[in-house]
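Colleague: how would this look folded up:
(2 chains)
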Amino acid sequence: MKSVEEIKTAIEAAVPGAGVEFVSNPSPSAQHSLRLAPDRAVEIARFLRDDPELALDFCSNVTGIDWLDKEFSEKVKVKRTVTKTIDGVEQPVEETVEETRKRVEPGYLEAVYHLYSVAKGHGPVVIRMRTGNRSDRVELPSLTPIWRGAEFQEREVFDLYGIVFKGHPDLRRLLMWDGFKDHPMRKDYVEPDDYEYEPTPHDAVLKRAQAHKAMAGK
Amino acid sequence: MSVAETKAEKLDGWNRPPAMEPEGEGELLEIAMGPHHPSTHGVFRMDVTLDGERVMRLKPVFGYLHRNHEKIAEGAAYLASMPYTDRLDYFCSLSNNWAYALAVEKLVGQQVPERAQYIRVILAELTRIQNHAASIGFLIQEMGASGTPLMYAFRQREKIVDLFESLTGSRMMCNYMRFGGCRVDVSAAWLESARTVVAGLPAFVDEFEALLTTNEILMARCQGVGVLKADLAVNASVTGPLLRASGVNYDIRKVDRYGIYDRFKFRVPLGDHGDVYDRYMVRVLEMRESIRILEQALPAIPAGPIMDPKAKLRGFRPKPGEAYGRIEAPKGELGFYLISDGSPNPYRYRVRPPSLINLTILEDMCLGQNVADVVLIFGSVDIVLGEVDR
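Modeller: Modelled structure (predicted):
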């Protein structure tokens, strides 16, 4: 089987301007991956499936990952002019001060596909795509038209992570119920106190009773 | 389908099941099979649209048993999720253990000692036999043969499950494997009783087959029902006996050669037609091949440690990175995808559930069939809801 770098070269030869990036995996498993630009992903996926040498006809696993905003603090040396009293006279003096600066790298959602070849018996080839951010640019192209096996798994990623797969034939929630609002697998998800809370006429009665109870002691 | 249509174009058109045209006049009937239908092995619903008896549309509805296993595992240490993997496919807890241990071993680059590898193979193959026996029993039960065949299967399954209990302390929730080995060693007495159980298995499969394989009702109900084409099966990521019954030679034990499967001689049974009968047949033959593996593994088990001496149980923190490990579980490809950020908990923990993904083409298999066959086709997929909904 071709190495990940060779696959990258093959993709760039077949799909010009594909914008594929090599992502190294430092763990002993050495399953390196390729990051695809979302706008060309369907084309590239079709090439991976139909290329007679790669023949990645089997999309085993589809999943999402949530990467939160990362905050870096770096110490930077800055030159600053400070007014100091030297020999009884106030004068501006240049001084080097260390300053901590915070830099925020915006978070994103990621979809990961593990591809194998049933015909050739090789794999896995890992491809991944990033969304623009975690809030409003969460669209990625669906690869269900290429591999039907992604159908339920992409629905699950949509359900639990909130990635919207464009071109998916039937994008609905899979595990949570239809009226559910949030995406539970996100790292910053907060569980509701009561999943099935619904306002009832008794709420008003309860409130009055509590107010009455508070007054009764006085 | 035009002649000019290439294979690639055909594959692209497979992202939906074909639309059905009603025959004649009359209204379509929508019924909900489940969530408490006895054939669903748990809580699962199929919204079926019928034209008379013919299935026009079928929408599976999931999530009744969802407890977000993955989120729970991301909040726990690596080892703390091991007992929870038992609850995925509760029929095959030892296979689940192995898949998870394999993924973690890939993530940290751990070796497993020889003896532990043999124990793993023995337990996984015993698991496969009891799973296939039970799944065939349930299939016959769903055909209307209430009780008897299922009890035949369960009688034998009980002997295997007793072996699990005497080794691990639990019949179904075994929690047995560890990263880099197994939890307790097998004794000579246990191996002896395992040999006795395995020696009784061929007679059981023979008896089972004599009662079922050429049974007229079984043949009439199963042959030509729920056909799945090989190309679609591959494209839809179907794995396990369901894929092999469609004639695709893909067994991860042979392809990945994980563990020590390359040391044993066994064959991969394949079906021709991809119907319910072939799936039944493939399961029976797989039981026979599993017995063959057991007959080779049980006498060959070497002495030695069962845990990698370098394995760390406390303060287990894999270096940052990711790994995807998969095994051939009785129901199909069971995979675990792990991402470590260097902390004691996995940053991402994903289960690739064969049961859920095998249901992708449930609608394709059921369209145009009778509503009574839906139960049968669904039973032949062999799922466990604990794994589907996670």
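Colleague: contacting residues around residue 166?
Modeller: By default, I'm working from chain A. By Cβ atoms under 8 Å, 6 or more residues apart in numbering or on different chains, the contact list for A:K166 reads A:E139, A:L140, A:P141, A:S142. In this view, the C-beta of every residue, glycine as well, is placed from N, C-alpha and C.
Colleague: not what I meant, chain B
Modeller: B:S166 makes contact with B:W190, B:S193 under the criterion Cβ under 8 Å, 6+ apart.
Colleague: need the longest helix for chain A.
Modeller: The longest helix of chain A (DSSP state H) is helix A:202-216.
Colleague: can I get that one in CSV, CA atoms only?
Modeller: Extracted in CSV, the C-alpha atoms of helix A:202-216 (Å, rounded to 0.1, in the frame of the first residue of the first chain):
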residue,chain,number,x,y,z
HIS,A,202,-49.2,23.6,38.8
ASP,A,203,-46.1,25.8,38.5
ALA,A,204,-48.1,28.9,39.4
VAL,A,205,-49.8,27.1,42.3
LEU,A,206,-46.4,25.9,43.5
LYS,A,207,-44.9,29.4,43.3
ARG,A,208,-47.8,30.8,45.3
ALA,A,209,-47.4,28.1,47.9
GLN,A,210,-43.7,28.8,48.3
ALA,A,211,-44.4,32.5,48.7
HIS,A,212,-47.0,31.8,51.3
LYS,A,213,-44.7,29.4,53.1
ALA,A,214,-42.0,32.1,53.2
MET,A,215,-44.5,34.6,54.7
ALA,A,216,-46.0,32.3,57.2
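Colleague: off-centre distance for that helix?
Modeller: A distance of 46 Å separates the centroid of the chain from that of helix A:202-216, by Cα atoms, centre = their mean, to the nearest Å.
Colleague: list the residues that contact the residue of the stretch 151-300 of chain B found nearest chain A.
Modeller: Closest contact between the stretch 151-300 of chain B and chain A, by Cβ to the nearest Cβ, is at B:S237 (2.5 Å). By Cβ under 8 Å, 6+ apart, the contact set of B:S237 is A:F58, A:C59, A:S60, A:W147, A:R148, A:G149, A:A150, B:I357, B:T360.
Colleague: kindly report the same for B:V184.
Modeller: Contacts for B:V184 were tallied using Cβ under 8 Å, 6+ apart; they are B:L167, B:T168, B:Y176, B:I306.
Colleague: part of a strand, is it?
Modeller: No: counting by DSSP: H, G, I helix; E, B strand; the rest coil, B:V184 is not found in a strand; it is coil.
Colleague: look up how far B:R115 lies from it.
Modeller: To B:R115, B:V184 is 12 Å away according to Cβ to Cβ, to the nearest Å.
Colleague: who touches both of those two?
Modeller: Counting by Cβ under 8 Å, 6+ apart, the contacts common to B:V184 and B:R115 are B:I306.
Colleague: circling back to that earlier point, excluding its backbone neighbours, what's nearest the residue of the stretch 151-300 of chain B closest to chain A?
Modeller: The spatially closest residue to B:S237, leaving aside those adjacent along the chain, is A:G149, at 2.5 Å (Cβ to Cβ, 6 or more residues apart in numbering or on different chains).
Colleague: right, and the one you found touches A:F58 too?
Modeller: Yes: using Cβ atoms under 8 Å, A:G149 is in contact with A:F58, at 7.3 Å.
Colleague: returning to what we had before: check the contacts of A:K166 against chain B and report the nearest one.
Modeller: A:S142 (8.7 Å).
Colleague: settle this for me: the closest one is touching A:G167, isn't it.
Modeller: Yes: between A:S142 and A:G167 there is a contact at 4.3 Å, judged by Cβ under 8 Å.
Colleague: and those two? Which one has more around it.
Modeller: Neighbour count, other Cβ atoms under 10 Å in any protein chain shown: between A:S142 and A:G167, A:S142 has more, with 25 against 16.
Colleague: in contact with the more buried one, which residues are there?
Modeller: A:S142 is in contact with A:A150, A:E154, A:F165, A:K166, A:G167, A:H168, A:L171, counting by Cβ under 8 Å, 6+ apart.
Colleague: and the strands in chain B?
Modeller: B:29-33, B:45-51, B:54-61, B:177-178, B:181-182, B:321-329, B:332-340, B:348-352 (DSSP state E).
Colleague: out of those strands, which is closest to chain A?
Modeller: Smallest distance to chain A across the strands of chain B (Cβ to the nearest Cβ): 2.4 Å, for strand B:321-329.
Colleague: what strands flank that closest one, and is each parallel or antiparallel?
Modeller: strand B:332-340 (antiparallel) (DSSP bridges).
Colleague: okay, now the unreliable bits of the stretch 201-350 of chain B?
Modeller: Within the stretch 201-350 of chain B, not a single segment meets pLDDT under 70.
Colleague: that one against chain A: which residues are in contact?
Modeller: B:232, B:234-238, B:248, B:250, B:255, B:318-326, B:333, B:335, B:337, B:339-340, B:347-348, B:350 (Cβ under 8 Å from any Cβ of the partner chain).
Colleague: tell me the contacts of residue 122?
Modeller: Assuming you mean chain A. Going by Cβ under 8 Å, 6+ apart, A:H122 touches A:M1, A:Y116.
Colleague: wrong one, I was asking about chain B
Modeller: Counting by Cβ under 8 Å, 6+ apart, B:I122 makes contact with B:A194, B:L294, B:A297, B:L298, B:I301.
Colleague: residues of stretch B:173-187 that come out buried?
Modeller: Buried positions in stretch B:173-187, judged by neighbour count with 16 or more other Cβ atoms under 10 Å in any protein chain shown: B:173-183, B:185-186.
Colleague: between these, which is nearest B:F62?
Modeller: Using Cβ to Cβ, B:M173 is the member of the buried residues of stretch B:173-187 that sits closest to B:F62, with 23.2 Å.
Colleague: hmm, that closest one is touching B:M82, no?
Modeller: No: if you go by Cβ under 8 Å, B:M173 and B:M82 don't touch, sitting 10.8 Å apart.
Colleague: now B:I306: how far from B:P299?
Modeller: 18 Å.
Colleague: correction: the previous question concerned A:Y197.
Modeller: Distance of A:Y197 to B:P299, computed by Cβ to Cβ: 62 Å.
Colleague: which residues in the stretch 251-390 of chain B form helices?
Modeller: Ranges of helices in the stretch 251-390 of chain B, per DSSP state H, counting those that start in this stretch, are B:252-255, B:276-300, B:354-358, B:362-366, B:371-381, B:385-389.
Colleague: coming back round to it: just the buried ones from the contacts of B:V184?
Modeller: B:L167, B:T168, B:Y176, B:I306.
Colleague: in the longest helix along chain B, what counts as buried?
Modeller: Among the segments of chain B that qualify as a helix by DSSP H, the longest is helix B:114-142. By 16+ other Cβ under 10 Å, the buried positions in helix B:114-142 come out as B:115-142.
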